[in-house]
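Colleague: Could you work out the structure for the sequence below:
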Amino acid sequence: GVGKELVARWIHAKSNRSGKPLIEVNCAAIPQEVIESELFGHEKGSFTSALRQHIGKFEQANGGTLFLDEVGDMSLSSQAKVLRALQEGKVQRVGGEKEINVDVRVIAATNKDLLKEVEEKNFRLDLYHRLSVILIHTPSLNNRREDIPLLVDYFLNEIAKDYGQTAKKISNDALKALQEH
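Modeller: Next comes the predicted model:
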């Protein structure tokens with residue numbers, strides 16, 4: 001809710017990889033049993049419900065950017081495989097035998113304190129170092145209430161444009177209520 005995805009999209013759009021895909025993965029929304037299949041793909045028949053080959057997110061993002069949202073929710077075994085993919089630039093599909101070269105920039109986001117997660121043995125220190133080359137702190141809207149009028153104007157203009165109407169205005173009292181919420 002703080003705009004991590006928007007930041008990732010902006011970084012991708014302004015980069016030399018903008019002509020290639022931006023693939024977004026919400027690591028918290030994918031059950032741990034299937035996250036490796038989602039990230040690295042799988043071969044047909046590699047497990048009971050693998051009725052066809054599946055290309056993973058790393059391969060889909062080849063040449064572009066992979067946005068791993070809520071990376072702090074990933075299991076330690078999945079973290080190890082992500083680290084290997086980042087270090088070697090190769091992935092192996094679940095049930096596959098060959099390694100596939102991938103050239104992917106990873107942007108990772110989380111709402112957790114990863115250094116605390118490292119201390120508690122929930123996150124790998126080596127993966128933290130690999131991902132934390134450049135840290136961008138995106139404060140919540142609660143900590144940047146002065147942005148609310150800008151966002152209100154933006155969304156009112158977008159809605160008006162979508163409906164072919166003149167942008168509406170809101171009262172100062174309504175704006176103040178939004179800022180206090």
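
Colleague: mind showing which ranges of the chain have poor pLDDT?
Modeller: Under the criterion pLDDT under 70, the flagged ranges of the chain are 1.

Colleague: quick one, longest helix in it?
Modeller: Criterion DSSP state H: the longest helix present in the chain is helix 148-163.

Colleague: after that helix comes which helix or strand?
Modeller: helix 172-180 (DSSP states H and E).

Colleague: Surely Glu117 is within a strand?
Modeller: No: assessed with DSSP: H, G, I helix; E, B strand; the rest coil, Glu117 is helix; it does not lie in a strand.

Colleague: from what I can see it touches Val71, true?
Modeller: No: with contact defined as CB atoms under 8 Å, Glu117 does not reach Val71; the gap is 10.0 Å. C-beta: built from backbone N, CA, C; applies to glycine.

Colleague: Tell me which of these two has more neighbours.
Modeller: Higher neighbour count among Glu117 and Val71: Val71, with 25 against 17, using other CB atoms under 10 Å.

Colleague: what's that one sitting at in phi/psi?
Modeller: Per-residue torsions, Val71: phi -60, psi -20 (degrees, to the nearest 10).
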